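A.B. asks: using only what follows, build the 3D model:
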Amino acid sequence: MKKFLLTFGLAGLVLFGSHAASASAASNTYTVKSGDSLYKIAKKYKTSVSNLKNWNHLKSDIIYPKQKLVVAGSKKAVSKKKTTVKKTAAVKRTTTSKSKAPKVVKTLTVTATAYTANCKRCSGITATGLNLKKNPKLKVISVDPKVIKLGTKVYVEGYGYAVAGDTGGAMRGNKIDVFIPSKAKALQWGRKTVKVKILK
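C.D. replies: Take a look at the predicted model:
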């Protein structure tokens, strides 16, 4: 009888231990829900936004519903990150040396002005849901969707590679607004005629 209890007790410990390990592993990831932000998730798991970005190799604060995020650091996660970084660096070197420049589908001549998200009534949220206040380094242009479809990748003369991610009441025909985080630099941009390359 004592032997049976001892055996049962050991089995129970093994089962409990394996369950705890799987629960711990499960708690290391989180599936993003609508309305979530990195700040909310970081607060929930008592960590920092920078940790979440490092663990998940995020370059910006943008996350999407149903996206799985690592929410707890571990030795495995760290070693995996190092391996991933090495692989990514190797891929970048390969693609940089072999890949060609993006294909230009069409070139437009447009009137370009600049806008900023730093104003009293500005939400900073674009028509495609990008948060420009939280991501001031994003290259985004406001367009007339009838001329340049939202989500289109472009190259703007004097501005660089960007995405058509916003619209505006004044954006009609061959007009664009380039996003510049600094109000002073946005004013400095002024109004100019530039070429926009539509990329594939």
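A.B. asks: when you work out contacts or count neighbours from here on, use the C-alpha atoms and nothing else.
C.D. replies: OK.
A.B. asks: number of residues surrounding the closest residue to residue 166 other than its chain neighbours?
C.D. replies: What sits nearest to residue 166 in space, not counting adjacent residues and going by C-alpha to C-alpha, 6 or more residues apart in numbering, is residue 142, at 4.2 Å. As a burial measure, residue 142 scores 27 neighbours (other C-alpha atoms under 10 Å).
A.B. asks: tell me which helix or strand comes right after the helix or strand bottoming out on mean pLDDT in the chain.
C.D. replies: For the chain, counting by mean pLDDT, DSSP states H and E, helix 2-26 ranks last in confidence among helices and strands (a mean of 43). Under the assignment DSSP states H and E, the closest C-terminal helix or strand after helix 2-26 is strand 29-31.
A.B. asks: which strands or helices does the helix or strand just after that next one pack on?
C.D. replies: Read in the C-terminal direction, the helix or strand following strand 29-31 is helix 38-44, with elements assigned using DSSP H and E. Contact here means 3 or more C-alpha pairs under 8 Å, 6 or more residues apart in numbering; DSSP states H and E; on that basis helix 38-44 packs against helix 49-55.
A.B. asks: what about the helix it packs on, distance to the chain center?
C.D. replies: Taking C-alpha atoms, centre = their mean, to the nearest Å, one finds helix 49-55 lying 12 Å from the centre of the chain it belongs to.
A.B. asks: one more: stretch 44-54?
C.D. replies: Stretch 44-54 sits 15 Å away from the centroid of its parent chain (C-alpha atoms, centre = their mean).
A.B. asks: so which residues make contact with that stretch?
C.D. replies: When contacts are taken as C-alpha atoms under 8 Å, 6 or more residues apart in numbering, the neighbours of stretch 44-54 outside the stretch itself are 38-39, 42, 58-61, 69-72.
A.B. asks: could these go into JSON lines alongside pLDDT, neighbour count and secondary structure?
C.D. replies: Shown next, in JSON lines, are the contacts of stretch 44-54 (pLDDT from 0 to 100; neighbours: other C-alpha atoms under 10 Å; DSSP: H, G, I helix; E, B strand; the rest coil):
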{"residue": "38", "pLDDT": "87", "neighbour count": "19", "secondary structure": "helix"}
{"residue": "39", "pLDDT": "87", "neighbour count": "14", "secondary structure": "helix"}
{"residue": "42", "pLDDT": "87", "neighbour count": "17", "secondary structure": "helix"}
{"residue": "58", "pLDDT": "87", "neighbour count": "14", "secondary structure": "coil"}
{"residue": "59", "pLDDT": "84", "neighbour count": "9", "secondary structure": "coil"}
{"residue": "60", "pLDDT": "82", "neighbour count": "13", "secondary structure": "coil"}
{"residue": "61", "pLDDT": "81", "neighbour count": "16", "secondary structure": "coil"}
{"residue": "69", "pLDDT": "88", "neighbour count": "20", "secondary structure": "strand"}
{"residue": "70", "pLDDT": "88", "neighbour count": "20", "secondary structure": "strand"}
{"residue": "71", "pLDDT": "86", "neighbour count": "23", "secondary structure": "coil"}
{"residue": "72", "pLDDT": "80", "neighbour count": "19", "secondary structure": "coil"}
